[in-house]
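>>> below: sequence and its predicted model.
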Amino acid sequence: MSENYRSREERRQVKKKKQPASKTQKPKGKTSFFRKFLITCLLLGIVGLVAGVATFFVMIKDAPKLEKAKLVNPLSSKIYDKNGDLVYEYGKEKRTNVTYEQIPKLVENAFLATEDSRFYEHSGVDFKGTARAVLVSLKGDYGSQGGSTITQQVIKNYFLSMDKTPKRKAQEIYLAYKLEQQYSKHEILEMYLNKINLGNRSYGIATAAQNYYGKELKDLTLPEVAMLAGLPKAPNNYDPTKKENVQKATERRNVVLSLMNRHGYITKQEMEEAIKVDVEKGLKPATQLQTMPYPAFMDAVVKEVEKELPDANIGSDGLEIYTTLDPKAQKLADNILNNNIIDYPNDKFQGAFTFMDTKTGEVRAIGSGRGENKAVFKGHNMAIELDRAAGSTMKPIFDYAPAIEYLKWATYHQIDDSPFKYSTGQEVRNADRSHMGPITMREALKMSRNIPAIKTAKEVGISKSKEFSEKLGITFNTAPTESTAIGTNEVSPTEIAGAYAAFGNEGKYTKPHFVKKVVYPDGKSQSFGQKPKQVMTDSTAYMITDMLRSVVTSGTGTSANVGSLDVAGKTGTTNYSSKQLAQYKIPESATRDSWFAGYTPQYTMAVWTGYMKDGKDEYISSKNTKIAQLIFKEMMSEMATDKSRFKMPSSVIQEGSELRIKGEKRDSSPNTSVPDTTEQPKQDQQQKTEEEKKQEELKKQEELKKQEEQKKQEELKKQEEQKKLEEQKKQEEQNNGNGQGTTPPANNGGGQGNTTPPANNGGGQGNTTPPANNGGGQGNTTPPANNGGGQGNTTPPANNGGGQGNTTPPATTQPETGGNAGETPANNGQ
């Protein structure tokens with residue numbers, strides 16, 4: 001058969017039969033496979049190497065140049081306000097640089113043992129450590145990579161941004177190698193120790209020695225050196241001048257001592273003796289810079305940058321920090337707290353607040369303490385770090401907004417304000433110790449009733465209310481309970497301001513922030529702030545806003561009202577426990593914390609007032625509980641220029657003066673004054689504009705004024721007529737010779753000495769029994785029925801606001817207790 005017609009397999013078999021078998025011939029299949037595999041791997045390795053080299057050069061092509069000026073002189077960071085104007089140059093303060101010869105061997109050994117034990121052996125890069133860092137980076141865990149030598153840290157601190165990416169790492173390696181070619185090891189170590197951030201506003205080891213211990217480098221002890229050498233890893237976390245850091249600082253210092261012992265720099269005995277020394281021994285108080293403008297705001301800026309960019313050295317990295325600061329607002333904030341704009345009871349009385357943009361979350365100004373508690377840079381910043389019970393400012397957040405969001409309540413939903421107990425059996429009390437029975441949700445919030453608030457939170461579910469509150473930036477140090485509904489949880493003004501701003505921004509929450517962006521020397525930038533997040537429906541946000549308007553116009557927050565602005569807000573107070581009342585011998589009506597949180601379409605502000613310590617004279621009296629509202633009013637009156645009103649969304653239906661969610665079943669309510677417009681024609685359901693309602697309110701007020709004026713005129717007329725009658729009577733007595741004790745003519749006003757006045761008399765002096773329905777003049781012993789007890793008035797006119805002597809105020813007025821109607825303390829044992 002011809003070869004042309006055989007299959008490939010058949011030809012192979014024939015060829016195999018023709019070849020003589022050889023015992024010494026090695027099988028080629030296995031050898032051929034390994035040869036091909038090795039060649040393939042080699043080729044792949046070459047290709048990979050070429051690709052890697054090419055990638056490396058692409059990454060380093062735009063690496064910054066090594067400028068000697070930057071290596072010698074650390075760069076200060078510039079801080080700008082919201083308009084881009086320079087406010088302050090951070091890090092420009094005096095530094096103390098040292099030469100290598102001035103660095104004690106003990107200091108050098110401590111930093112080498114901790115940061116780079118092979119410093120004198122490598123050429124800028126420790127490839128073993130770098131390989132470990134690269135593997136970690138490839139896994140995506142850039143935040144935990146390590147392996148940078150001291151040379152690499154110099155490059156990172158002087159020339160590169162804080163981005164932890166493969167590209168930046170490649171540039172760091174390249175520049176570190178170049179640095180080692182141009183400078184000696186001693187020069188590089190000198191650069192490092194003069195630049196390193198050691199916390200407490202200390203840049204460089206010599207400056208740190210002065211700021212922490214008030215010593216020259218040569219005078220530092222082993223425990224002190226070890227503490228300083230442990231700081232570069234996280235300066236703000238290991239700074240022992242902060243009480244909360246003492247334990248962490250001790251542990252970190254001991255790690256350094258252990259490393260020094262491991263590398264042979266100190267003996268075991270020296271290590272053990274140093275470990276026994278208290279880390280706080282010899283420390284100076286944290287340093288302050290008094291010339292810094294707006295220190296409280298600058299403090300908040302720096303803390304935010306340090307939190308978001310933990311590897312950045314603000315004092316020496318040459319950053320450009322663009323902030324949200326409004327200098328005009330901040331100056332006003334400082335004046336309100338520390339000058340005579342408001343009559344504070346004494347210098348110990350404190351105030352703190354956050355003033356921010358309602359839409360963007362950008363903080364424009366903060367108030368942080370008065371007098372001895374006035375905020376200083378790197379001190380306790382009450383605007384962002386205060387932890388005090390929120391009181392009733394939590395009611396919209398924890399109670400009523402979740403009820404609208406999850407239960408679809410209308411503003412006229414009825415809540416029974418009747419005696420109620422916690423699940424523990426403890427009685428819940430309203431501030432005035434009274435009960436109003438079934439009332440609307442609007443009235444419960446307006447008058448800050450506690451029992452309806454707790455009942456509402458329980459109906460929503462405590463866990464659901466917690467979840468809702470956390471979306472608004474509220475944090476809980478402990479698990480919420482029933483009493484959280486009336487504000488037993490601790491908050492800061494910044495937290496409360498952020499939550500309330502969401503109500504004014506159609507239900508969108510933006511975390512309050514002080515920094516817009518940070519720009520590095522290489523031109524790269526890091527943006528701050530979050531995009532607004534929809535955390536509730538626009539119907540919930542608007543219905544809460546409309547109810548909080550009522551708080552300001554006719555509820556517990558009227559002192560915060562600014563007539564030209566559309567203001568919504570809520571008061572909040574807390575009281576002392578019975579134990580504290582007895583301990584400090586203070587009145588039961590004493591208030592511990594007084595809050596006001598409110599907003600307009602333009603700005604949001606949360607204000608806290610009170611005392612930092614509890615004491616005999618350190619409590620808020622009833623007349624001073626309104627100071628928080630007055631602070632709010634001063635800021636808003638001066639700063640708020642937007643006179644627009646909150647717009648009702650299409651998702652809300654207005655029924656009379658109340659609101660409900662469109663598309664939801666009409667909320668059942670015994671309040672018959674709320675019309676049911678569900679079935680009415682569309683044209684009859686047209687809603688009154690806010691301007692129309694405002695005009696109607698003004699018209700009512702004018703009518704009331706007219707009625708008051710008319711009553712005054714009538715009263716004056718009656719007095720004149722009475723005077724004429726008395727003069728006429730005297731004239732007649734003189735003409736007729738009538739003396740005391742005679743019987744005056746019928747319908748007379750009753751002269752002196754008359755024992756029985758005529759019917760319908762006004763009752764003159766000396767009358768013992770006034771006529772029925774009399775006004776009760778002087779000398780009457782038994783006033784008429786229904787008398788108000790005032791001077792002559794027996795029954796106040798309809799719609800009277802309750803003048804002198806009136807015993808029955810209008811139905812809508814709730815008397816306040818201690819100046820805050822409806823407020824109940826968060827710390828009253830609940």
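On my side now, so go ahead.

>>> isn't Ser117 right next to His263, touching?
Yes: assessed by C-beta atoms under 8 Å, Ser117 is found in contact with His263 at 5.5 Å. Backbone N, C-alpha and C define where each C-beta goes, glycine included.

>>> these two - which one has more neighbours?
Between Ser117 and His263, counted using other C-beta atoms under 10 Å, Ser117 has the larger neighbour count: 16 against 13.

>>> burial measure for Glu459, as a count.
Neighbours around Glu459, by other C-beta under 10 Å: 16.

>>> A helix includes it, no?
Yes: under DSSP: H, G, I helix; E, B strand; the rest coil, Glu459 sits within a helix.

>>> residues touching it, list them.
Contact analysis of Glu459 by C-beta atoms under 8 Å, 6 or more residues apart in numbering lists Ala403, Leu407.

>>> which residues of the stretch 101-250 of the chain fall in helices?
Taking DSSP state H, counting those that start in this stretch, the helices of the stretch 101-250 of the chain run over residues 105-115, 127-138, 150-158, 166-182, 185-195, 205-213, 222-229, 235-238, 246-262.

>>> and the first one, what does it pack onto?
When you say that, I think you mean helix 105-115. helix 150-158, helix 185-195, helix 222-229, helix 246-262 (3 or more C-beta pairs under 8 Å, 6 or more residues apart in numbering; DSSP states H and E).

>>> of those, which approaches Lys718 most closely?
helix 246-262 (79.1 Å; C-beta to C-beta).

>>> against which helices or strands is the closest one packed?
helix 105-115, helix 222-229, helix 235-238, helix 268-275.

>>> just give me the lowest mean pLDDT stretch among the ones you listed.
Comparing mean pLDDT over the helices and strands packed on helix 246-262, the weakest stretch is helix 235-238, at a mean of 88.

>>> can you lay out the helices and strands packed on helix 105-115 as a markdown table showing mean neighbour count and distance to Gln534?
A markdown table is the format used below for the helices and strands packed on helix 105-115 (neighbours: other C-beta atoms under 10 Å; distance: least, C-beta to C-beta, whole Å):
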| stretch | mean neighbour count | distance to Gln534 |
| --- | --- | --- |
| helix 150-158 | 25 | 39 |
| helix 185-195 | 21 | 45 |
| helix 222-229 | 26 | 48 |
| helix 246-262 | 19 | 39 |
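
>>> dump the ones you listed to CSV, plus distance to Ser448.
CSV is the format used below for the helices and strands packed on helix 105-115 (distance: least, C-beta to C-beta, whole Å):
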stretch, distance to Ser448
helix 150-158, 54
helix 185-195, 56
helix 222-229, 51
helix 246-262, 42
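
>>> surely Val246 and Glu280 touch.
Yes: at 6.3 Å, Val246 counts as touching Glu280 under the criterion of C-beta under 8 Å.

>>> what do the two both touch?
Shared contacts of Val246 and Glu280 (C-beta under 8 Å, 6+ apart): Pro240.

>>> most centrally placed residue in this structure?
Nearest to the mean C-alpha position of the chain, by C-alpha atoms, centre = their mean, lies Thr494 at 1.5 Å.

>>> check contacts around that residue.
Thr354, Val363, Ile366, Ala383, Ile384, Pro512, Ala606.

>>> where's it relative to Arg370, distance?
Distance of Thr494 to Arg370, computed by C-beta to C-beta, to the nearest Å: 18 Å.

>>> just Pro285 next, same as before
21 Å.

>>> of the two, who's got more company?
Set side by side, Pro285 and Arg370 show more neighbours around Arg370, with 21 against 8, by other C-beta under 10 Å.

>>> name all residues that make contact with the more buried one.
By C-beta under 8 Å, 6+ apart, the neighbours of Arg370 are Leu337, Asn338, Tyr344, Asp347, Phe349, Gln350, Gly351.

>>> inside helices: which ones of the contacts of Thr494?
Ala383, Ile384 (DSSP state H).

>>> I'd like the contacts of Thr494 as JSON lines, with pLDDT, distance to Pro532 and neighbour count appended.
Below are the contacts of Thr494 laid out as JSON lines (pLDDT from 0 to 100; distance: C-beta to C-beta, whole Å; neighbours: other C-beta atoms under 10 Å):
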{"residue": "Thr354", "pLDDT": "98", "distance to Pro532": "18", "neighbour count": "32"}
{"residue": "Val363", "pLDDT": "99", "distance to Pro532": "15", "neighbour count": "31"}
{"residue": "Ile366", "pLDDT": "98", "distance to Pro532": "21", "neighbour count": "30"}
{"residue": "Ala383", "pLDDT": "94", "distance to Pro532": "22", "neighbour count": "28"}
{"residue": "Ile384", "pLDDT": "94", "distance to Pro532": "21", "neighbour count": "23"}
{"residue": "Pro512", "pLDDT": "98", "distance to Pro532": "12", "neighbour count": "31"}
{"residue": "Ala606", "pLDDT": "99", "distance to Pro532": "19", "neighbour count": "34"}
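
>>> tell me which of the contacts of Thr494 is nearest to Arg592?
For these, the residue nearest Arg592 by C-beta to C-beta is Ala606; the value is 17.2 Å.

>>> please name the bridge partners of that closest one.
Thr354, Ala597 (DSSP bridges).

>>> that one reaches Ile496, doesn't it?
Yes: using C-beta under 8 Å, Ala606 makes contact with Ile496 at a distance of 3.9 Å.

>>> which of the helices and strands in the chain ranks last by mean pLDDT?
Least confident helix or strand, the chain: helix 8-18 with a mean of 56, by mean pLDDT, DSSP states H and E.

>>> just read off the phi/psi values of Lys570.
phi -150, psi 140 (degrees, to the nearest 10).

>>> quick check: beta-bridge partners of it?
Ala597.

>>> quick one: it and Ser392 touch, right?
Yes: with contact defined as C-beta under 8 Å, Lys570 reaches Ser392; the gap is 6.4 Å.

>>> where do the contact lists of the two overlap?
Ser448.

>>> identify the residue nearest Lys185 in space, chain neighbours excluded?
Excluding its sequence neighbours, the residue lying closest to Lys185 (C-beta to C-beta, 6 or more residues apart in numbering) is Tyr120, at 6.0 Å.

>>> report pLDDT for Thr794.
37.

>>> check Asn747 too.
The per-residue pLDDT reported for Asn747 equals 43.

>>> identify all contacting residues around stretch 442-452.
Residues contacting stretch 442-452 (C-beta under 8 Å, 6+ apart): 392, 395-396, 400, 411-412, 415-420, 428-431, 435-436, 439, 441, 453, 456, 486, 547-548, 550-551, 554-556, 570-571, 658, 814, 820-824.

>>> OK, contacts around Thr241?
Asn200, Tyr212, Leu283, Lys284, Pro285, Ala286.

>>> over to it: give its phi and psi.
phi -70, psi -10.

>>> surely Met436 meets Ile415?
No: if you go by C-beta under 8 Å, Met436 and Ile415 don't touch, sitting 9.8 Å apart.

>>> between these two, which is the more surrounded one?
Between Met436 and Ile415, counted using other C-beta under 10 Å, the more crowded position is Ile415 (24 against 19).

>>> Tyr192: which of the helices and strands packed on helix 246-262 is closest?
Of these, the one closest to Tyr192 (C-beta to C-beta) turns out to be helix 105-115, at 7.7 Å.

>>> dump the closest one to CSV, restricted to CA.
Coordinates of the C-alpha atoms in helix 105-115 are reproduced here as CSV (Å, rounded to 0.1, in the frame of the first residue of the first chain):
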residue,chain,number,x,y,z
LYS,A,105,25.3,57.0,70.7
LEU,A,106,22.4,55.9,73.0
VAL,A,107,19.9,57.8,70.9
GLU,A,108,21.4,56.5,67.6
ASN,A,109,21.3,52.9,68.9
ALA,A,110,17.7,53.2,70.1
PHE,A,111,16.4,54.4,66.7
LEU,A,112,18.5,51.9,64.8
ALA,A,113,17.3,49.0,66.9
THR,A,114,13.7,50.1,66.4
GLU,A,115,13.6,51.4,62.9
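
>>> give the buried residues for it.
Leu106, Val107, Glu108, Asn109, Ala110, Phe111, Leu112, Ala113, Thr114, Glu115 (16 or more other C-beta atoms under 10 Å).

>>> which residue comes closest to the fourth one once chain neighbours are left out?
Once flanking residues are discounted, Asn109 sits nearest to Tyr265: 4.1 Å by C-beta to C-beta, 6+ apart.
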